[in-house]
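Quick one, what's the 3D model for this:
(chains A and B)
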There are 2 protein chains.
Amino acid sequence: MKSLYTFLLIMLIYPLEGREDQTGQMASQQLNLMPMPAELTPGEGRFPLGEDFTIRVSGPASDRAYGGATRMLRRLSGRTGLFFSQDFIGPEDTSSSAPLELKWSRVGQVELGENESYTLAVAADHITLSAETDIGILRGLETLLQLLVAGREGYHFPAFRIEDTPRFAWRGLLIDVCRHFMPVDVIKRNLDGMAAVKLNVLHWHLSENQGFRVESKTYPKLHQLGSDGFYYTQEQIKDVLAYADARGIRVMPEFDMPGHATSWLVGYPELGSAPGPYTIERKFGIFDPTMDPTRETTYTFLDAFFKEMSDLFPDRYMHIGGDEVEGSQWEANADIHAFMRKHQLSDNEALQSYFNQRILKILTKYDRKLIGWDEIFHPSMPTNIVIHSWRGQKALGEAASQGYQGILSNGYYIDLIQPTDFHYLNDPIPPGSELTSEAQANILGGEATMWAEFITPETIDSRIWPRLAAIAERLWSPIDVRDVGDMYRRLDVISFQLEELGLMHEKNYPMMLRRLTNNTDIEPLKVLVDVIEPVKYYNRPMQREYTSYSPMTRTVDAARPDAKVARNFRRLVDEYLNERKERPATGRRFLGFGRKGRSEHADEMITWLELWQANHARLKVTIDQSPVLDEIETLSADLASCATIGLEALKYLEEGKKASPRWVEGKRNVIKAARKPRGQAELMVTPAIDALVQAAGGVLPE
Amino acid sequence: MKSLYTFLLIMLIYPLEGREDQTGQMASQQLNLMPMPAELTPGEGRFPLGEDFTIRVSGPASDRAYGGATRMLRRLSGRTGLFFSQDFIGPEDTSSSAPLELKWSRVGQVELGENESYTLAVAADHITLSAETDIGILRGLETLLQLLVAGREGYHFPAFRIEDTPRFAWRGLLIDVCRHFMPVDVIKRNLDGMAAVKLNVLHWHLSENQGFRVESKTYPKLHQLGSDGFYYTQEQIKDVLAYADARGIRVMPEFDMPGHATSWLVGYPELGSAPGPYTIERKFGIFDPTMDPTRETTYTFLDAFFKEMSDLFPDRYMHIGGDEVEGSQWEANADIHAFMRKHQLSDNEALQSYFNQRILKILTKYDRKLIGWDEIFHPSMPTNIVIHSWRGQKALGEAASQGYQGILSNGYYIDLIQPTDFHYLNDPIPPGSELTSEAQANILGGEATMWAEFITPETIDSRIWPRLAAIAERLWSPIDVRDVGDMYRRLDVISFQLEELGLMHEKNYPMMLRRLTNNTDIEPLKVLVDVIEPVKYYNRPMQREYTSYSPMTRTVDAARPDAKVARNFRRLVDEYLNERKERPATGRRFLGFGRKGRSEHADEMITWLELWQANHARLKVTIDQSPVLDEIETLSADLASCATIGLEALKYLEEGKKASPRWVEGKRNVIKAARKPRGQAELMVTPAIDALVQAAGGVLPE
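This is a model prediction of the structure:
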């Protein structure tokens, strides 16, 4: 497998006529597949795409395949402007003259472990996409769309033979619709995005302290009193389920219990471990309200509840959360103490496990498998539950070794604003894993988690995309597909293509900048925000208390994870300094290569640094007219200061001189101060400038 | 009234500390209200907006007012980044210390003629918004949001007293969801936009040859067979109705009959005037399929249908279309001939009128008023119907003089891509109208019409906005508010503010350019598309046959109506040439004013012309990589040629020389050829360049 991939990395430069475009990158002649297929073999020639392009189908009746083919044709038409003759693909489309043939053997079930493999063969005069299931057809159609190449002579598909199958069966995205509600259209466009990168599970986090988001006909006060009116009707749920099914995506609901349950208790305080009354939580964190696991009425309630939800959601898995049971309500309740003594439950964990066992019985009755977060893993639980690990590979591996199936989310918490390559290299079964093959087989895959404390329908897409596409590749593609540079190159293309699905990760950025500048020239603000990111991990609420109705329209919200300009600048500095290590810094020699007497890297760095240096004066004009920007004024000033320092350091380096230790220390202190977040956002170019300063002082990075 | 408005135009420069921003326009210190209120009086000082801002309510329980106040607070928070303390405004918010007080006397009915007036008094320490109805409160909250000013010291509302009331009671937007289906989220975001500019009727065009878009429980084959699966469920309809009601907007459904009815006949061919079978129409135009008005079963069917729809839609008005009955099916049907003879119906108009009278009876039974297009106006119809005029003010005035109520859509056909000022100056009762006051009272208002042959959910917003805001002002504001320059100035601001409601008229433009350029540098394409527009009127399908599944992603679709850059260039040329008329063109004298020896106008024109002249070479690189752009290559080349001609003409003018008639004729021929549309799009700067050429030859515009 490894040698195959190395071979492919070379073949990806296809065809070899590629030329550079204005941005210095190779134009679209390269293959831009993501996730990378398991096997691909180049063929001879190309299939030219014209208005005579048609599709034929061959397989048992499948609205999923017909719909997928129709949507694919519309997207192809949208990208190319070509007027195709077919409207809705259906069973009558069997003409043998149609150049794209879709062949499937059976209608798939959208459930864990279903066959998603496909074979795509593009030749000069015809294309065959074959799969065992219609779900495989959907996956292959996405690959075909990604193969499209635009060139001087028109559009074409390069000849290839692709055999593809996923590495993991469970490839998911959790969307929290509780801390901030996300309307149906948000869910749908993200389902389209998921399908485009071959993800197959939407984990729908539907209940929380901050809201209960599903209409319940059995217990209507759940949504009536627990949602502020922001909930999905059952008809809307069914609509989403059908939409997901048509795209080969499972929808697994999560009802978090016994903690994270405030919104349940607003309408049904009798479920709580304290008398109440309860109100919907507006703040974020871990809160007291917890279901009472000692009363039979709790289970009567949950039995009827799960019966209703099992009827509504067809997926075999029911996620019960189970995380972060705070415990204080249990500890304060004498009846619960008595119950624990009576049943020899030694601690809260044991009590929660008792609760989980009761829930397991209920779910089993309704033919559902129980899945929950790490906390549900307890010696008293049987191995037919699934562990969802936020703790990490180690916890997951231990559970897997003990016979529990599990999925990984640790390392895929996209709400924590970490860079794409961090998530990309995070593997449910890392290379060199020492787990037995039996234990490895218990690791089903993973899920990215989009927790919603700091997102709204306006910003959610930019937190999910494009990073999720890299996680999707991790979960679908062979283990040795892990070239970070190539991933980033392809990610840019995929990110752009995702826009055709209505995703707003790109287009909401300038819109938010317009609002922040009160519709004046956004360019100076963009120069700054291009190199800042929101603070990481759980730091955002540290300086300022947020609630579910706080504004999510400030600079920090416009700023995007893994800021591309900053990342590229860091890479530039890295390469520049690595080159110096190879060619030691004697001024004359160094100045001697590259154009204009300097290296290209130095030229490019200087261009950026001069832009940043001059930017603060320009941005100050905008800030003075838009008070919402006051909080980032010193951040902007610091960018200018750091840029000046970077230019000075480069001067030392380019002139082959060495800066004094005192200069280095002074400048490093300025840079260190500039690292301090302002407005919950931070400058992402300071480490690279710091490295330049250290190099100017003679210390090159290891 | 007239003198008041003149006074206000002066006062609008508020406060007089305004300074120019980078774009040469006055910064946000100007008032940017749209629609302009009926009366406004400046007060003393300003109300500073801080995080202590709260709202109190005083009036009978009204979820409409509470919801409107909550949404207003969130929008204010979104614009300013301020963390306000209130979450959901409700009846408990009565604290006398809250600086914004909302006072209403009664809960309004969202129906024609309801009181929408309000009084808004902003003082330095408190704001009072009072209205008879909670609908008036909604209108006033939008005005308050438009009053917000950002300045060096923070955000504030300038002190003002505003007394406002609409000129017309019926201010609507028709959205055709049949030629292209528009999902619920498209409708909702446009309802938000409508509310922002105080429109109060969504005319929902729900049935057509191309689709039947409402779930019917009485006749399920209507939506099952007539919609390709693209229809609104009744629950979705109710959701939209509640959403509109919360914003004080009526929703009037239209079921077009007896023509435009193909989609009905797919499931119920027995309604047709020919035996069928019928299939959903994919093309656009006027088609044969027409209901049979001579069979009693038609009325039995429509009786039950309208009963169901009257239960679903609460609005008192039911639009039955009635336009463009093609007639050929009637003429080919012997039974219909016999029926006409028997009932002494002399022609198709009489037959249609017979049909309308039968429908009127049914609608009256269900307490609905009948409204239809001009064609329903027939001597045999009683005056209790409403005429919806696509024919124009004359037809509308005639009907009004004969006692019929009516609304105007002629001149508001925003699908025809006419400029904003054309719609803005189009008045249901033009200044100087000779209609009696009684007849004038019959003219209820108007509706913009968004027909959907050439729009998709991706492009609809750019066809509606911002032009609709100008039409909204025409229908709300006093008759003498008609300064085109000031309208355009305010329109830019309103257009920007509308983005906060999720409208995509701005942000989808660069997204579409990215797709057209295959994600390379969009700037050269933007330079071109900024000065082109889609062809006008009904010219688009002339060169190319479109269907409901043709691509709507080409350059013509990215191009926007009333292209702002082209409009501003035309104005620049106009002003320049007008100035020349006042100061005759002696070279020395002309060169003598302005900076750099040239007028500022000339400087600015030269900047644009040089940009366009150089643009084709840049864009050609992109075109070569993106075949979808082939169709506009010569348009781009022509822009460069015309720009060169414009520069030559300016040289003559600036040097005070006169071009030869032969030169003028030759260049005018080139410009004339450049006017030819390519890819259904046309260059909008050719008239201005032609004027420069004529002026160079000594002929100044009149």
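
C-alpha only now, for contacts and for neighbours.
Fine.

In chain A, which helix is the longest?
helix A:600-625 (DSSP state H).

what helices or strands is it leaning on?
In terms of contacts (3 or more C-alpha pairs under 8 Å, 6 or more residues apart in numbering or on different chains; DSSP states H and E), helix A:600-625 is packed against helix A:523-529, helix A:564-582, helix A:633-655, strand B:149-151.

And these: which comes nearest B:R341?
strand B:149-151 (69.5 Å; C-alpha to C-alpha).

Tell me which residues are up against that closest one.
A:518, A:624-627, B:28-29, B:155-158 (C-alpha atoms under 8 Å, 6 or more residues apart in numbering or on different chains).

go again using 6 Å as the cut-off
Here strand B:149-151 makes contact (C-alpha atoms under 6 Å, 6 or more residues apart in numbering or on different chains) with A:625-626, B:155-156.

How about the residue positioned nearest the centre of chain A: what's its closest non-neighbour residue?
Closest residue to the average C-alpha location of chain A: A:L468 at 2.7 Å, with C-alpha atoms, centre = their mean. Nearest non-adjacent residue to A:L468, counting by C-alpha to C-alpha, 6 or more residues apart in numbering or on different chains: A:A448, 7.3 Å away.

Contact partners for the one you found?
A:173, A:409, A:412-413.

Now do stretch A:631-640: distance to the chain's middle.
29 Å (C-alpha atoms, centre = their mean, to the nearest Å).

if we can go back for a sec, please report which of the contacts of strand B:149-151 has the highest neighbour count.
A:S626 (26 neighbours; other C-alpha atoms under 10 Å in any protein chain shown).

Quick check: phi and psi on that one?
Dihedral pair for A:S626: phi -140, psi 90, per degrees, to the nearest 10.

so who does it touch?
So A:S626 contacts A:517, B:150 (C-alpha under 6 Å, 6+ apart).

Next one, pLDDT for it please.
Looking at A:S626, its pLDDT stands at 97.

Same check on A:G327?
So A:G327 comes in at 88 (pLDDT).

Return the distance of it relative to chain B.
Shown here: A:G327 relative to chain B, a distance of 28 Å by C-alpha to the nearest C-alpha, to the nearest Å.

contacting residues around that residue?
Per C-alpha under 6 Å, 6+ apart, neighbours of A:G327: none.

just A:N442 next, same as before
A:400, A:405.

Next, the residue nearest to the centre of chain A: secondary structure please.
Recorded secondary structure, A:L468: helix (DSSP: H, G, I helix; E, B strand; the rest coil).

Find me the pLDDT at A:L9, would you?
43.

Repeat that for A:C178.
So A:C178 comes in at 98 (pLDDT).

On the three-state scheme, it is what?
coil.

A:H205 is in contact with that one, correct?
No. Shown here, A:C178 and A:H205 do not form a contact pair, counting by C-alpha atoms under 6 Å, at 7.1 Å.

Where do the strands of the stretch 51-200 of chain A begin and end?
A:55-58, A:100-106, A:118-122, A:127-133, A:149-151, A:154-164, A:170-176 (DSSP state E, counting those that start in this stretch).

Could you save those as a markdown table and add columns showing distance to B:S380?
Shown next, in a markdown table, are the strands of the stretch 51-200 of chain A (distance: least, C-alpha to C-alpha, whole Å):
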| stretch | distance to B:S380 |
| --- | --- |
| strand A:55-58 | 54 |
| strand A:100-106 | 59 |
| strand A:118-122 | 66 |
| strand A:127-133 | 63 |
| strand A:149-151 | 62 |
| strand A:154-164 | 60 |
| strand A:170-176 | 60 |
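
least reliable of the ones you listed going by mean pLDDT?
strand A:149-151 - the lowest mean pLDDT of those, at a mean of 94.

Neighbouring strands of it in the sheet, and parallel or not?
When pairing is defined by DSSP bridges, strand A:149-151 lines up against strand A:154-164 (antiparallel).

and the partner strand with helix B:600-625, angle?
50 degrees (axes from the mean of the first three to the mean of the last three C-alpha atoms, to 10 degrees).

Between strand A:127-133 and strand A:154-164, find me the angle.
30 degrees.

How far does strand A:154-164 sit from its chain's centre?
Per C-alpha atoms, centre = their mean, the centroid offset for strand A:154-164 relative to its chain is 27 Å.

Kindly report the same for stretch A:393-408.
On C-alpha atoms, centre = their mean, the centre of stretch A:393-408 falls 22 Å from the chain's centre.

just the residues of the stretch 551-700 of chain A that are near chain B, which are they?
A:551, A:553-554, A:624-628 (C-alpha under 6 Å from any C-alpha of the partner chain).

what two of those are the furthest from one another?
Once C-alpha to C-alpha is applied, these give A:P551 and A:D624 as the farthest pair, at 20.5 Å.

neighbour-wise, which of the two wins?
A:P551 (23 against 18).

is it fair to say the residue nearest to A:L468 lies in a strand?
Yes. Per three-state DSSP, A:A448 lies within a strand segment.

Residues of chain A that sit close to chain B?
Checking chain A against chain B by C-alpha under 6 Å from any C-alpha, the hits are A:77-78, A:80-81, A:83, A:150-152, A:154, A:507, A:550-551, A:553-554, A:624-628.

Measure how buried whatever residue of the stretch 351-500 of chain A ends up closest to chain B is and give me the count.
Residue of the stretch 351-500 of chain A nearest chain B, by C-alpha to the nearest C-alpha: A:F496 (6.8 Å). Residues lying near A:F496 (other C-alpha under 10 Å) number 18.

Could you list the low-pLDDT ranges of the stretch 451-600 of chain A?
Applying pLDDT under 70 to the stretch 451-600 of chain A flags residues A:583-598.

For A:A150, see how far away A:N410 is.
Separation of A:N410 from A:A150 (C-alpha to C-alpha, to the nearest Å) stands at 39 Å.

Pretty sure A:K672 sits in a helix.
Yes. Under three-state DSSP, A:K672 falls within a helix.

Chain neighbours aside, what residue packs nearest to it?
The nearest residue in space to A:K672 (C-alpha to C-alpha, 6+ apart) is A:T686, at 7.9 Å.

With A:I376 instead?
Using C-alpha to C-alpha, 6+ apart, the closest residue to A:I376 is A:G322 (6.1 Å).

Now that the one you found has come up, it's in contact with A:H260, right?
No. Look at A:G322 against A:H260 with C-alpha under 6 Å: they stay out of range, at 8.4 Å.

out of those two, which sits in the busier spot?
A:H260 (27 against 24).

Touching, that one and A:E208? I think so.
Yes. At 5.1 Å, A:H260 counts as touching A:E208 under the criterion of C-alpha under 6 Å.

residues near A:P457, how many?
Count around A:P457 with other C-alpha under 10 Å applied: 17.

Shouldn't the residue of the stretch 351-500 of chain A closest to chain B be within a helix?
Yes. Assignment of A:F496 by three-state DSSP places it within a helix.

Grab the nearest non-local neighbour of it.
Nearest one to A:F496, counting by C-alpha to C-alpha, 6+ apart, is B:N519 at 6.8 Å.

all helices of the stretch 401-550 of chain A, in order?
Using DSSP state H, counting those that start in this stretch, the helices of the stretch 401-550 of chain A run over A:420-425, A:437-442, A:460-464, A:467-476, A:484-498, A:508-516, A:523-529.

gap between the residue of the stretch 351-500 of chain A closest to chain B and B:G411?
39 Å.

need the strands for the stretch 301-450 of chain A, in chain order.
A:317-319, A:369-373, A:386-389, A:405-408, A:443-450.

what's the most buried one of these?
strand A:405-408 (a mean of 28; mean count of other C-alpha atoms under 10 Å in any protein chain shown).

Provide the contact partners of it at residue level.
A:386-389, A:428, A:442-446.

do stretch A:474-483 as well
A:35-36, A:38, A:166-168.
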